[in-house]
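> have a look; sequence and predicted model below, questions after that.
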Amino acid sequence: MVYLLGAWPPPLGVALRADGLSAVMLAATAIVVCAVAIFAAADFRLAAGYGRAPFAFWILLLAVWAALNTIFVGGDLFTLYVALELLTFAAVPLVSLEGQAETLQAALRYLLFALVGSVLYLMGTALLYGLYGTLDIVLLSHRVSTEPGALIAAALMTTGLLAKTALFPLHLWLPPAHAGAPAAASAILSGLVVKGSFFILLRVWFNVLPGVPGFAAAQFLAALGAGAIVVGSIVALRQERLKLLVAYSTMAQIGYLFLLFPLALDASGRLETGQALAGGLMQAISHAAAKAAMFLAVGSIYAGLGHDRITGIRGAARALPLSVMTFGLAGFALMGIQPSGASLAKELLLQETARTGQWWWAGVLQVGGMFTAAYTVLVLAHALSPSDHPVALVAKPPRGSGLAALALALCSLLLGLLPWEPYLPITYTVESKLFGVEALVKLLVTVFGGAALAILLSPWPHPLAFSAAGKTIMQLIAPLRRTCIGLGSLVETGDGILRQWSTATISLLLVALLLAALMFAAN
């Protein structure tokens, strides 16, 4: 569908365009926003100490929703830039709603780094306009060629959007921003805000510059995604607070989205809108629902217990069954249990690895599923363990907010059952493979592999160690566990270095230079 603003056609006017990708993202955003709004309405009533925060939250929520909708239907690069800036300036205050010093610092860190990304994106947009005299996506797709100016523009725009998406190693702002915001704001930031810049990146690579980036640059993006999965998951397993664990798992899950780029290349090196793109979009919407549900569940646990320390939530399953069940279902959906959207996305991407012969990305997908299972199993193991003392709730979370979070988790868990063929290039033969013995074996390998990773990489006392059999097992694996914990400590130290301003700035420049070099080498 195409709508011309003021009836002026491009290049003089602005066109809004909606396709299957837009429809899927518009619907997913509406569902997540409505569920978060239901949760927030009850949460802000429960917590009277927020002051003016509720009034600001509703304005910012609507601004985020409007910006995302504009991104999904924007038909030219400058409209997308305006929408992206509206998204940034609506999302940044969500981080600091509570007004505490650390949340203000996290919000300023987010704002400054996002503005650097905006400058890079705008520079690339200006280059394309100077070269081709238009910013309309359809017109540009017919005019763009692999000349040096277009390659530089592609590298600049990609780097700027990676900074806004917080892809490793450009994740300077993400953990403190997502962990410090109120639960409803964290759900919006993690589930939706990072998808805006990712969607624009898809438009740039697939619609504006389908033949420009090249095979090497696509492999580089996927390599950064693999780094995000490994580093984000390991650091998540070392967190003491639930919100920080979920924040780092967001960093890891973002990495999955970038595995689609090398898998979407055809034999001639051009990006095609096939099953790899469909798998990436399915992963994006499945993550949006599941991760929002996770943050809302963690918010309810924090409100009920008065803290979110992982080692201090024993007995939470009995005291807060709805919240713990929501967290578990959202984790199962993310790890790829059938018939979740993540399982369908994983199957689509695995088929593309077989078709293109890029077997190494299949290994990343499998290991990533185990890491997701690891931090899900870790939290559930502590929450399901009986407490030595009766759990006294500081406050009882409203049932309405818990049901809203549960609905989001169920949405993510059942996405694979929906008929996606009218909107995304997903065939029903793929969906039929979601069930059966092979799927069960994959699930068991993922869960047991994740449980092993949780025991080996988490430095905190595991509930298994309190039983007689558990003590024996822990003694047997003690040398291996010490080695793994030491490795995890090194990864966490490296992550801390990467999140310093000087290192993050150098990383940003290196990513831009490497992307440009790879694009020039391929063309």
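Structure's in. What do you need? Numbers count the residues shown, from 1 in each chain.
> so where's the stretch 101-250 of the chain uncertain?
Counting by pLDDT under 70, not a single residue of the stretch 101-250 of the chain qualifies.
> quick one: the helices in it, in order.
Secondary structure of the stretch 101-250 of the chain (DSSP state H, counting those that start in this stretch): helices at 101-132, 137-143, 148-165, 174-180, 183-188, 194-202, 215-237, 242-257.
> export those to a markdown table and tack on mean neighbour count?
(Each C-beta comes from the backbone N, C-alpha and C, glycine too.) Below are those laid out as a markdown table (neighbours: other CB atoms under 10 Å):
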| stretch | mean neighbour count |
| --- | --- |
| helix 101-132 | 19 |
| helix 137-143 | 16 |
| helix 148-165 | 25 |
| helix 174-180 | 25 |
| helix 183-188 | 29 |
| helix 194-202 | 24 |
| helix 215-237 | 22 |
| helix 242-257 | 26 |
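> which of those sits closest to Ala374?
helix 215-237 (6.0 Å; CB to CB).
> nearest to Trp360, out of the helices of the stretch 101-250 of the chain?
Of those, nearest to Trp360 by CB to CB is helix 215-237, at 8.7 Å.
> so what does the closest one touch, helix or strand wise?
When contacts are defined as 3 or more CB pairs under 8 Å, 6 or more residues apart in numbering; DSSP states H and E, helix 215-237 packs onto helix 148-165, helix 242-257, helix 260-263, helix 359-384, helix 437-457, helix 478-498, helix 501-522.
> name the helices or strands packed onto the first one?
The helices and strands touching helix 148-165, judged by 3+ CB pairs under 8 Å, 6+ apart, are helix 101-132, helix 194-202, helix 215-237, helix 501-522.
> could I get these as TSV with distance to Glu272?
Formatted as TSV, the helices and strands packed on helix 148-165 follow (distance: least, CB to CB, whole Å):
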stretch	distance to Glu272
helix 101-132	22
helix 194-202	13
helix 215-237	12
helix 501-522	17
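> so which of those gets nearest Val445?
Among the helices and strands packed on helix 148-165, the nearest to Val445 by CB to CB is helix 215-237 (16.6 Å).
> what's the angle from the closest one to helix 501-522?
In terms of direction (axes from the mean of the first three to the mean of the last three CA atoms, to 10 degrees), helix 215-237 departs from helix 501-522 by 150 degrees.
> can we start the residue count at 696 from this point?
I'll keep to 696 as the first residue from here, and by that count the last item is helix 910-932.
> what angle separates helix 910-932 from helix 843-860?
10 degrees.
> and helix 910-932, C-alpha only, in PDB?
Provided in PDB are the C-alpha atoms of helix 910-932 (Å, rounded to 0.1, in the frame of the first residue of the first chain):
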ATOM      1  CA  PHE A 910      29.400 -11.100   1.000                       C
ATOM      2  CA  ALA A 911      32.300 -10.100   3.300                       C
ATOM      3  CA  ALA A 912      30.300  -7.200   4.900                       C
ATOM      4  CA  ALA A 913      27.400  -9.500   5.500                       C
ATOM      5  CA  GLN A 914      29.700 -12.100   7.100                       C
ATOM      6  CA  PHE A 915      31.100  -9.300   9.300                       C
ATOM      7  CA  LEU A 916      27.700  -8.300  10.600                       C
ATOM      8  CA  ALA A 917      26.900 -11.900  11.400                       C
ATOM      9  CA  ALA A 918      30.300 -12.300  13.200                       C
ATOM     10  CA  LEU A 919      29.400  -9.300  15.400                       C
ATOM     11  CA  GLY A 920      26.000 -11.000  16.100                       C
ATOM     12  CA  ALA A 921      27.800 -14.200  17.100                       C
ATOM     13  CA  GLY A 922      30.000 -12.200  19.400                       C
ATOM     14  CA  ALA A 923      26.900 -10.600  21.000                       C
ATOM     15  CA  ILE A 924      25.400 -14.000  21.600                       C
ATOM     16  CA  VAL A 925      28.500 -15.500  23.300                       C
ATOM     17  CA  VAL A 926      29.600 -12.400  25.300                       C
ATOM     18  CA  GLY A 927      26.000 -11.300  26.200                       C
ATOM     19  CA  SER A 928      25.100 -14.800  27.400                       C
ATOM     20  CA  ILE A 929      28.200 -15.400  29.500                       C
ATOM     21  CA  VAL A 930      28.000 -12.000  31.200                       C
ATOM     22  CA  ALA A 931      24.200 -12.600  31.800                       C
ATOM     23  CA  LEU A 932      25.000 -15.800  33.600                       C
END
